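J.: Have a look; sequence and predicted model below, questions after that.
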Amino acid sequence: MSGSFHFNGHIIKPNQTFEADREDIPDAFMDTLIPLDNIPEVVDVSKQPAITKDNFNLHHRGGGWYDVVDKDGKAINEKAMKRDEAQELLENL
Amino acid sequence: MNWAVPKIWSGGDVWIIGGGASITKEFEIPDEVVLDVLNGKQPMSAYSPYMKFLHDKHVIAVNAAFMIGEWMDMVFFGDSKFFLKFKNQLYTHPKLKVSCAPASQQCPWVKYLSRDKRKPRGLTENRETVSWNYNSGGAAMTVAANAGAKRIFLLGFDMKLNDRGDQHFHSVYKSKRTAANPAKRKNLKFFQHLKSFPEIAQDAKRRGIEVYNVCPDSAILEFPRITLKQAIELSNNRIKPADLPPVEKPVAALPTVSLQRHTPPRKRLTKDLRILCFVNHYYNPQQQEGFTGGATVKGNENRETVVTQAITALRNIPNCDVRVCGLKGFTIPGVEVDIDFTGIKPWNLVYESLNYMNNFTNDYDYFINIEDDILLKENVIQNVIEFNRLRSIDEVFLPNRIEIEKGECRFVDLRGGWKKDSPIIIFKNRILKIANNYHSAILILSTRQYRYAYNMLDPNFREIWWGGPMASAYAYFHIPFQLYRNSQLTEYHSVEHMDHWKCYDDDNKDYLNLGKEKLEKAQRVIQHVRKRNATIEVKIPYGLNMDLAGAYNHAMEDSKTDWVLLLDHDVFVSCNPHWYDMCIEAVRTVSDRVGLITCVSNPRHNKNKGSQWADIIINSPDLDLHVQAAYELYQKYGMTLRRVTTQKVAGFFMLVRKSVWKDLKFRGVGKGVDLIDWDFCERLLKKGLHIYELPGLYVYHRRDVRKLDWGKPILESQNIEELPVKFGDWIHYYMKHQYPNHDYNQLINKHHVKSLVQPVVKVAKELAHFTDPLQIDEFDYSRLPKSFVIKATHGSHMNIIVKDGVEQISANQKQSRPFNLPEAKVKMKQWLETRFADGGELYYDEVDRGVLIEENLCKYFTDYEREYGIVDYKAWCFHGQIQFIATANYNGTKVNYYDTQWNELPFRRDDRTQLVKFPKPVNLEQMVKTVNRLLDIAGNPPFIRVDLYNFGMDTYFGEFTHSPGKGDKPFIPLDPKQPRDWYELEFGRAVANNSLTVVCFKWKHTVGEPLPAVARGIKYTADYVNKLYRAVERNLTIPHRFVCVTDDPEGIECETYPLWDWGREFGRCFTRLKMFDPAMRQVFGRRVLCIDLDTVVTGNLDNIFSRKEDFIIHTYYMDSHGYQQKYNGSLFMMDMGSRPEVYTQFDGQRSVDLLKKLQAEKKIIGSDQAWINYVLGDGEKRFGEEDGVYHLRNIMVPKRTTGRKRGDLPKNARLVMFSGNQDPSMPMYSKDLLWVQRNWTL
């Protein structure tokens, strides 16, 4: 491949050994590099479905008032809500 | 769709954690832990135990701060680069991820809030947006505010480096290196970030939100800066805001970077900053000239002590050049005059010395002018420098003059009270207001401010108008400024008057009540200067649902200044950086009879159309050329004004006097702007008023600048170019980016193209062709027939149509005049000089300029054309396919859209045309064939329009058009219920369909004979697809789709398409032959690459997948069985429909039986690949090892010639095909071969 591989402001010369994270190497240069360690592959998570709301639950404070809490029981809301409202917030996370 | 911030924190406290290094100090995190984190030895979560207080609070983590712990409620980031770098870590974080980074917009697990374009700074109240504030921290404050926060505590909002030079409390951005490198420090954007906080503070105050900056040393000065301890007590309601003790470190250290252009950082005060200080000293106890210069109250006996003390204090200020100004012979003993003003009236000494400073503006950064009994300390100068850094040029932070008498501190300047309706500034937790008194016996200005004042003032002004002569001089020099003072009666920012001002005596209480006469005089002086300080409002007239004249009037009505500059949106005023100063100077200079001032600009084609055209002609959009022109004209004419006697002044730059406008107003006349501005100027001149122009002020009026698309998100500064989506945007795109391997010159040049298309279609006979002005003069025009057409070869709208010796000068041919040859020659020569690419269609630069004369096609007219006029047939074609045919009458006022069967189509373009029915051409089928052949000639580009004329059975070529209407007229559906951009998107997709589609197949339910590997027990799962998909994504940078054709889409990450039934009953891979069905082009686009699931991608695929042949297939490498097979079906790429016979000749079971027979004869092997080989023969292009495409079998054999061992991956390998009964999942490969381990993975 022609062109120079610039990395962290330096040109990487042929046969030079250097340390880099996989995601810092442009794909176009990957085939010009010989990894000395196993390369952890980058997973494109940006197309993964949302899972945030799975981390939250409704918690009944009493009297029909609810919090939306995380797995440690910390409420994400300041004031308690009615169930519908809490459910809507949960869906919206 | 945007998310909307839910009101989850109504009335609560929200803590926002930024990235500043102060966090570790505030939370008292031990140095060894901090160093470990900064050096990457410990994760950021090592800080978490020290931040326990926050664990049960509502916390927003800004950017990388989320890595501290999972107890944060929300992560906010605004930077696309951050998202792209940390998306994996963000994904696994269990809490809300909220962002305004454009790159995250499509990410399903990010709650996207767009950036509020109407309110980019401050705190927007639109919960679906954020005020970006040009930094993620500022944007996060918007989220907190919209979530209902009552109090916001900012942590790590340092906006500066700490003492160690750390920018962040972590090192994940590797910012340490940047911060450590002085050359790179200028890239840090603290100053840009700081700009937004004043507006945030204003909005927060308005909305009743308290904001505390928990970083006492922060460079953000708009919020109370408190310690963490104080913040905790506030949060726990143990103290009230009013109980907050003053912050212990009131002087904020300046950010140490990126401020050089605005004001020097603090250290420059002692090192680099150059200060000139003039001390005005006069001592004349004999009262010569009636002016003693003596002390007012304390008596002359103390003068020596006072003056010496004042001068000594000034000389102690580092880097301050102190000069004593006075008259020789009139000094206190021991004081030497450095600058002698002998010969002037001594009471004018301050006026003189203030003016004299102007000689030193090139040598100093700051100027101090002070009376000789004022004690000035360094911290006052420091405050002024800091204030100037944050405020505008016309704002001054004037120290209060105090007098200390018997232990009592008197604020002598404040006795006059505060200005009514004074604006209030919070500066370093102090409230600053404007006092009525202009005088403080001192002036401290930056060089910029001094020049600003000096240019506005009259250097000969010497009047006593404000108190005494000294006070008048200081007050006069301060008139151009807003004079802010510390409004709290504290000694903060004060100078000590070591004398006693007599005004403070009881009988001088009303020293500012100058008396009616003096007061009127003072007002006159101030107004005089303020008038010189003219300001101009610059407006680009626009009003929703307003016509142009209405918008102009609205802009004028809305203005508050005497002069208003009305600009068009496509004017580049800043070609001359002095443009505003020139305008100011002009409005100050001109008489009251001048009602309008304008500039000069680049002439348009018709130079005689108006005035305002510069002597310099530039027909180029290159801004540098226009800047150069502006410079040359400025050098030539400077600030001179020239009277204009014509009303033909272009409306794109009009500096209008508001009082004149009030009389005349703009009137809505005509359609364009021309008549509105000309009408205004005409009435202005008739009224006896004048118009002037500035010949030295050149601006570039970029006509034809295309409409801006406000619908697109603004991209971060990344090298990502988003491909367009809509058809119009594609046209814009291809106006700048050319089709690859497309010969624009041959296809567009009206002369060249004739020879190109002549084998396919009739063309108008060429009568002459000129490329040189001499040829135009030398040609014998008497040889021409009575009817002919002259046209430029390199553009459109450059035509002369002559019929029977009469030139048809309007588009509808109703206006005509006798053909005028000399005029035509001038036009032709002008065309040769015309760069058509100036209109934005840059590919016209590829086209040879020329003029041709050809026969007028009117002689071929049938009765139809004679009765109804000639009809244009315009075939809109995408990737070699006719999408539709547009018909239009000659002048384009009547149109319609048909498919190739002549069915009317339900859309139109957004123009003023009328839809009418056009009769179906009798030779429509032939026309379609002609278009297809012309498309082949044109190379089947992503989009091209083929324009034809048709007379009876004869079709004539018109032209190839690449960017009709420059893409500015969108297609809109006739059905109002249909989304308005439906067809723009559809045709956009048609253009985009040029990208490669990578197709793989996975079927769950096997029918008939299974694949060899399946027969060996291999199960092709979704993982196979995902591994291949991810490998291709990693290694293919050219635009592409990746589609899996499957009957089992579960678990597959990429796009899927349902597997068809065709061919499945024959088992193995026969169903894949359906890909050769030309109809599949509708599904997969023009170019498709089919690849087997059991392929291992080992390198970049761009070169392999960019091969241009219309059909390429992998090589079948001979094995020990000696088959004569040439092709391997594991990989083939083709233009869809290029080998239809492979599909059409397949005759079900008969074909399968035939292959079995041939296989028995060892001629061919396999299923689909065998059939391809059988139908196509051996001559097709192939992928081979020279491309980097290997068969596993060849890798598993050592190669003695190169020394490659068994199983070693050849250096150029990019793809390894495991076809047959081998599979990468087998342990002998997946465990034993490192390259399989590394590359065949998720």
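T.: Here it is on my side, so go on.

J.: CA only for contacts and neighbour counts going forward, please
T.: Noted.

J.: Can you tell me the SS state at whichever residue of chain A sits closest to chain B?
T.: Checking chain A residue by residue against chain B with Cα to the nearest Cα singles out residue A:50 as nearest, at 3.9 Å. At residue A:50 the chain is in coil, as set by DSSP: H, G, I helix; E, B strand; the rest coil.

J.: tell me the contacts of it?
T.: The contact partners of residue A:50, by Cα atoms under 8 Å, 6 or more residues apart in numbering or on different chains, come to B:108-110.

J.: residues contacting the residue of the stretch 351-500 of chain B found nearest chain A?
T.: Residue nearest to chain A within the stretch 351-500 of chain B (Cα to the nearest Cα): residue B:429, separated by 30.1 Å. By Cα under 8 Å, 6+ apart, residue B:429 lies in contact with B:221-224.

J.: again, but for residue B:924
T.: If you count contacts by Cα under 8 Å, 6+ apart, residue B:924 has them with residue B:900.

J.: any idea how far it lies from chain A?
T.: Separation of residue B:924 from chain A (Cα to the nearest Cα, to the nearest Å): 47 Å.

J.: Could you list which of the contacts of residue A:50 also contact chain A?
T.: B:108-110 (Cα under 8 Å from any Cα of the partner chain).

J.: out of the contacts of residue A:50, which are buried?
T.: Neighbour-count burial (16 or more other Cα atoms under 10 Å in any protein chain shown) is assigned, among the contacts of residue A:50, to B:109-110.

J.: Any chance of a markdown table for the contacts of residue A:50, columns distance to residue B:413?
T.: Output for those, formatted as a markdown table (distance: Cα to Cα, whole Å):
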| residue | distance to residue B:413 |
| --- | --- |
| B:108 | 62 |
| B:109 | 61 |
| B:110 | 57 |
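
J.: contacts for the longest helix seen in chain A?
T.: In chain A, taking DSSP state H as the definition, the longest helix is helix A:83-92. With contact meaning Cα under 8 Å, 6+ apart, helix A:83-92 is reached by A:53, A:56-58, A:64-68, B:6.

J.: If you rank those residues by neighbours, which is first?
T.: Among those, residue A:67 has the most neighbours (other Cα atoms under 10 Å in any protein chain shown), with 28 neighbours.

J.: so what's that residue up against?
T.: A:58-61, A:75-77, A:79-81, A:86 are the contacts of residue A:67 under Cα under 8 Å, 6+ apart.

J.: Filter the residues you listed down to the buried ones, ChimeraX style.
T.: Restricted to buried positions by 16+ other Cα under 10 Å, the ChimeraX selection for the contacts of residue A:67 reads:
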select /A:58,59,60,75,76,77,80,81,86
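
J.: residues of the longest helix of chain A that come out buried?
T.: Residues of helix A:83-92 classed as buried by neighbour count (16+ other Cα under 10 Å): A:83, A:86-87, A:89-90.

J.: do the same with stretch B:456-470
T.: B:456-457, B:462-467, B:469-470.

J.: Determine which two of these are furthest apart.
T.: Using Cα to Cα, these reach their maximum pairwise distance at B:456 and B:467, which is 21.9 Å.

J.: if we can go back for a sec, ok, the ones next to chain A among the contacts of residue A:50 vs residue B:725, which is closest?
T.: Nearest to residue B:725 out of the ones next to chain A among the contacts of residue A:50 is residue B:108 (Cα to Cα; 20.2 Å).

J.: Could you confirm the closest one falls within a helix?
T.: No. Going by three-state DSSP, the assignment for residue B:108 is coil, not a helix.

J.: right, and it touches residue A:48 too?
T.: Yes. Here residue B:108 reaches residue A:48: they are 6.8 Å apart, a contact under Cα atoms under 8 Å.

J.: Most distant residue from the centre of chain A?
T.: Within chain A, the residue lying farthest from the chain centre (Cα atoms, centre = their mean) is residue A:63, at 37.5 Å.

J.: Angles on the backbone of it, please.
T.: The phi/psi pair for residue A:63 (degrees, to the nearest 10) reads phi 70, psi 20.

J.: try residue B:734
T.: Backbone torsions for residue B:734, taken as degrees, to the nearest 10, come to phi -80, psi -10.

J.: burial measure for it, as a count.
T.: 20.

J.: And residue A:15, by the same measure?
T.: Residue A:15, neighbours per other Cα under 10 Å, totals 8.

J.: Would you list the phi and psi of residue B:918?
T.: Dihedral angles (degrees, to the nearest 10) for residue B:918: phi -110, psi 140.
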